Each structure stands twice: as structure tokens, then as C-alpha cells.
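Peer 1: Quick one, fold the following:
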Amino acid sequence: MGSGAMREMAPLKIAVWARDPSRAGGLASGLAGAGFSCLVISDDVAASGLAEEGVSLVVADPDAPPFRPDAESLVRWIGQERNLSLILLLNEPVMESRGLDTADDFVVKPFHVSELAVRIRRVLRSTQLAGRGARIEFGDLAIDTDACQVFLGRRALDLTFMEYELLKFLAENPGKVFTREALLRNVWGYDYYGGERTVDVHIRRLRSKLEVGDDTYIETVRGQGYRFRRG
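Peer 2: A predicted model of the protein is given here:
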């Protein structure tokens, strides 16, 4: 992808959501240095106003005190109902136990602002710039890489950005075993501070959405890693 696409994304407005003004302001300042226009909000700001403010993506910090429990429902609402992308800042990569699995991606603390900037650009790129690719099919599973959509039979699956990227990578290399380190390097594309547990979390979430009955698409190879079944 050329540099022109990156320049298109720089003016997009990012909402930084945290109740601690200094924490949110510091993060917004760092993202501004990376070329983003930022809006600092708190959890009592109506999410319905974000789109009207021209926001394209929300960076939310639900682990930062005193973030109220009802913030989870608002985060879920953003992910499910609004045309907004969502990246979460978490103390540990266990989103499904918190009911926050609607996020497009998440970053585990501590992190560098440059890592977050890369993730923001990748999420925005996936939602705005459709890639040119082929349709990958294995049995009832179909991956439309032009539309960045996955279908199981006639049912469209609700995958986050990184779940989609991970599934597509594995499906493009059927039968090949990848270690967790290799998946981090090839799918995430840079050194990831969250560690190899991130891969296990995404694999577990993918399986919960993909596997019906005895159908298994992603296999665990004990002591090695994961692979996509050829059939």
C-alpha cells in the first residue's frame, strides 16, 4: 500500500475515552504527534454524539479507575451499533470474560504510543480501504477478502479486525503449522508487548465463532502451535 493511503488516514479524528483527564490528555497528545486529530471524552459523554463529532475510532481504557461498570455496556454498544471502530487498552488480554469482545483490537499495557498508532492505522485501513484479493473457501467456510467478510454457510460471522486477519492468514497457508511467535510476527506485523498469550485468546474466540458440531478449522499442534486444516 502506498504512502498516499497513510496520508489519507492521518486527519481522521480519534476519540480517547478515559475518566482521568491527565491520562486521556497525555495519550491524545501522543497520538496527535503521530498525526491524528484527537477528541478527549469521559465515560459519561453520550456515545451517540461521537459520529456527529466526526470520530472514526474510539480508544477506550476500561481498566483505568474510576471507570464505572456500566461503561462496559456502552463499549459494547459502540462496537455493535455504531459505525465506529474500537480499540481497548487492557491490563490483560481477557476480553471475553469482561464481555468486551466487540472491539476491533486491543492493546495490553504497558505499550508505546507508536504501537497504538500502528494498530489504529491498520484498523482504519481495514474499514476504509478494501483490499484486492480472492475468495478463500473450505467446505462451508468462505472468506471474501475483497469485502473483508467471513461466511459459515449462509451466515456472516461477526469477527473483529484481528480475528479476521488471523483467520485469513491461517487459511492462506492450510496445513502449515505456525508457532505463536510466528503468528504474532506475520499477523500483528511487529513486536507485540502483550506476549504470545494474545494468540491463544484470539484462537479461542475464533473457534467459538467458527466451530459447529464436529467441524474444526483451526487445530492445535501440541508443543508447536496452530494450523488450518486442509479439509
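Peer 1: Now the longest helix along the chain - C-alpha only, CSV.
Peer 2: Counting residues, the longest helix in the chain under DSSP state H turns out to be helix 113-128. Coordinates of each C-alpha in helix 113-128 appear next as CSV, following Å, rounded to 0.1, in the frame of the first residue of the first chain:
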residue,chain,number,x,y,z
VAL,A,113,2.2,5.1,21.6
SER,A,114,3.8,4.1,18.3
GLU,A,115,2.4,0.6,18.7
LEU,A,116,-1.1,2.0,19.3
ALA,A,117,-0.7,4.3,16.3
VAL,A,118,0.1,1.3,14.1
ARG,A,119,-2.9,-0.6,15.3
ILE,A,120,-5.2,2.4,14.7
ARG,A,121,-4.0,2.8,11.1
ARG,A,122,-4.4,-1.0,10.5
VAL,A,123,-8.0,-1.0,11.9
LEU,A,124,-8.9,2.1,9.9
ARG,A,125,-7.3,0.7,6.8
SER,A,126,-9.4,-2.4,7.1
THR,A,127,-12.7,-0.4,7.3
GLN,A,128,-12.0,2.2,4.6
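Peer 1: which residues of this protein fall in helices?
Peer 2: Under DSSP H, the chain gives helices at 3-9, 21-33, 71-81, 113-128, 161-171, 180-183, 197-210.
Peer 1: quick one, which of those helices is packed in tightest?
Peer 2: Per-stretch averages of neighbours, counted by mean count of other Cβ atoms under 10 Å, single out helix 161-171 among the helices of the chain, with a mean of 21. Backbone N, C-alpha and C define where each C-beta goes, glycine included.
Peer 1: Would you mind putting the CA coordinates of it into CSV?
Peer 2: The C-alpha coordinates for helix 161-171 follow below in CSV (Å, rounded to 0.1, in the frame of the first residue of the first chain):
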residue,chain,number,x,y,z
PHE,A,161,-10.3,-7.0,12.7
MET,A,162,-7.5,-9.1,14.2
GLU,A,163,-9.7,-12.2,14.3
TYR,A,164,-10.3,-11.8,10.6
GLU,A,165,-6.6,-11.2,9.9
LEU,A,166,-5.6,-14.2,11.9
LEU,A,167,-8.1,-16.5,10.2
LYS,A,168,-7.2,-15.2,6.7
PHE,A,169,-3.5,-15.8,7.3
LEU,A,170,-4.0,-19.3,8.5
ALA,A,171,-6.5,-20.1,5.7
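Peer 1: Show me the shaky parts of this protein.
Peer 2: 1-12, 19, 42-53, 63-83, 93-101, 126-134, 189-195, 213-215, 231 (pLDDT under 70).
Peer 1: switch to 50 and redo it
Peer 2: 1-11, 46, 66-67, 97, 99, 129-132 (pLDDT under 50).
Peer 1: got the domain boundaries for this structure?
Peer 2: 10-128, 135-228 (automatic domain parsing).
Peer 1: residue contacts, Leu57?
Peer 2: By Cβ atoms under 8 Å, 6 or more residues apart in numbering, Leu57 lies in contact with Leu12, Ile14, Ala15, Leu84, Ser85, Leu86, Ile87, Ile120, Val123, Leu124.
Peer 1: Same question for Leu157.
Peer 2: Gln149, Val150, Phe151, Lys209, Leu210.
Peer 1: got the contacts of Leu57 as TSV, with distance to Arg197 columns?
Peer 2: Shown next, in TSV, are the contacts of Leu57 (distance: Cβ to Cβ, whole Å):
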residue	distance to Arg197
Leu12	30
Ile14	27
Ala15	28
Leu84	27
Ser85	23
Leu86	21
Ile87	18
Ile120	22
Val123	21
Leu124	26
